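Trainee: Quick one: sequence plus predicted model below, questions after.
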Amino acid sequence: MSNGEFYEGNMKNDMRNSTGIHYYTNGDFYEGEWQNDRRVGRGRIFRLDGGKMSGFFTEDKAEGYIEFEDKHGNLFQSENEDAKHATKPQKQKKLSLSSGKQGDGSQIQPGQFMNARLYNMGTITFKNGDKYRGSFKDGHPCGYGTMHYKNSLIGANGVVEDATYEGYFKGGKRDGKGTMTWVDHTSFTGTWRYDQRCEGEIKFINGNMYQGQFLNDKLHGFARLFLTTGIIFEGNFD
C-alpha cells in the first residue's frame, strides 16, 4: 500500500475479503475477518506495546463483547449481555460478580472500547488476582463498581489484606460513598477521597464501633467510639 501499510491475505474485487492480516505503520497489526476492505467479523489486534484485543468487529469497529489484555497482563472485558452471548467463544466463562447497576439502581451503559480504553460497563481481571466489575471511563474504574482485593491492598501493619469494596470510583480510585469489608468481617461504610477514608463508620470484629472522621486514612478528628460494654467515648481522636 502507498501509505506504508501492508496486507497479507484473501482478496476479492481488489478489496480485502474473507481473512487476512493487515500491518499498520505504527507497528500494530490486525488478524481476522474482512468484508469489502472493512474489518467485519471476528478478529484480533496486536499492539506494538504488547497489548492485544480480540472480539467482534462491525463496519471496521470493535463492537459487542471485546477483550483487551494490556502489556502488563491485566485483562479488560466489555460487558453487553446480548452481544456477549452472540459473539463470545463458548469455552470462555462469565465472571459471577454483582449485577451491572449503579448504586441508585440505574443500569450502567453497555461497555465499549475506544482507542483501546474501556468505557461504561466492564470488568478487569488483574494479573495479581484482583478483580473489578462496574463502570469505566477512559480505561479506569469510574462510577459505581465492586473491587475484590487479593494481592494489592497493604494494611496499616504492612501485610497484604483480602477485602471487597463496593461503591464509587473516580480515576481508578475509591472516591465517594462506599463500603469496604475485610475477610475477617471488619467493615467500613462512609466517604472516600483518592483511596482514603474521610468520614464514616467502622464495625470491628469484637463488636466495637467507631463513627467519625479520618485523616490520611487513620482515625482522626471528632468521633464516637461505642464499646460492647455499653461505654461510649466521645471527643477528638489523634
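Mentor: Right, received. Where do you want to start?

Trainee: so where's this structure uncertain?
Mentor: 1-2, 81-106, 155-158 (pLDDT under 70).

Trainee: In it, where's the longest strand?
Mentor: Counting by DSSP state E, the longest strand found in the chain is strand 140-154.

Trainee: So what's the gap between the following helix or strand past it and the chain middle?
Mentor: Moving toward the C-terminus from strand 140-154, the next helix or strand (DSSP states H and E) is strand 160-170. Strand 160-170 sits 12 Å away from the centroid of its parent chain (C-alpha atoms, centre = their mean, to the nearest Å).

Trainee: tell me which strands and helices strand 160-170 is in contact with?
Mentor: Judged by 3 or more C-beta pairs under 8 Å, 6 or more residues apart in numbering; DSSP states H and E, the packing partners of strand 160-170 are strand 140-154, strand 173-182. All C-beta spots, glycine's among them, are computed from the backbone N, C-alpha and C.

Trainee: looking at these, which is closest to Glu67?
Mentor: strand 140-154 (17.2 Å; C-beta to C-beta).

Trainee: Give me the angle between that closest one and strand 160-170.
Mentor: 160 degrees (axes from the mean of the first three to the mean of the last three C-alpha atoms, to 10 degrees).

Trainee: Rebuild the helices and strands packed on strand 160-170 as a markdown table, extending it with distance to Lys61 and mean neighbour count.
Mentor: Output for those, formatted as a markdown table (distance: least, C-beta to C-beta, whole Å; neighbours: other C-beta atoms under 10 Å):
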| stretch | distance to Lys61 | mean neighbour count |
| --- | --- | --- |
| strand 140-154 | 22 | 19 |
| strand 173-182 | 30 | 18 |
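
Trainee: coming back round to it: hmm, who's touching the longest strand of the chain?
Mentor: Contacts to strand 140-154, defined as C-beta atoms under 8 Å, 6 or more residues apart in numbering, come from residues 97-98, 101-103, 108, 124, 126, 128-137, 160-172, 174.

Trainee: buried ones in the helix or strand harbouring Arg224?
Mentor: Per DSSP H and E: Arg224 is located in strand 218-226. Buried residues in strand 218-226, counting neighbours by 16 or more other C-beta atoms under 10 Å, are found at Ala223, Leu225, Phe226.

Trainee: Tabulate those residues (a markdown table), appending distance to Glu5.
Mentor: What follows is those, written out as a markdown table (distance: C-beta to C-beta, whole Å):
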| residue | distance to Glu5 |
| --- | --- |
| Ala223 | 63 |
| Leu225 | 66 |
| Phe226 | 67 |
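
Trainee: List only those of the contacts of strand 140-154 flagged as buried.
Mentor: For these, buried by 16+ other C-beta under 10 Å: 108, 124, 126, 130-137, 161, 163-170, 172, 174.

Trainee: and whichever helix or strand comes after the strand holding Arg224, which strands flank it?
Mentor: The helix or strand immediately downstream of strand 218-226 is strand 232-237, counting by DSSP H and E. Sheet pairing of strand 232-237 (DSSP bridges) gives strand 218-226 (antiparallel).

Trainee: chain center to the partner strand, what's the gap?
Mentor: Remark: strand 218-226 is offset 32 Å from the chain centroid, using C-alpha atoms, centre = their mean.

Trainee: Output that strand as CSV, nothing but the C-alphas.
Mentor: The C-alpha coordinates for strand 218-226 follow below in CSV (Å, rounded to 0.1, in the frame of the first residue of the first chain):
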residue,chain,number,x,y,z
LYS,A,218,-6.4,6.9,60.0
LEU,A,219,-8.8,7.6,62.9
HIS,A,220,-8.5,11.4,63.5
GLY,A,221,-10.9,14.2,64.5
PHE,A,222,-14.2,14.3,66.3
ALA,A,223,-15.8,10.8,66.7
ARG,A,224,-17.7,8.4,68.9
LEU,A,225,-16.4,5.0,70.0
PHE,A,226,-19.1,2.5,71.0
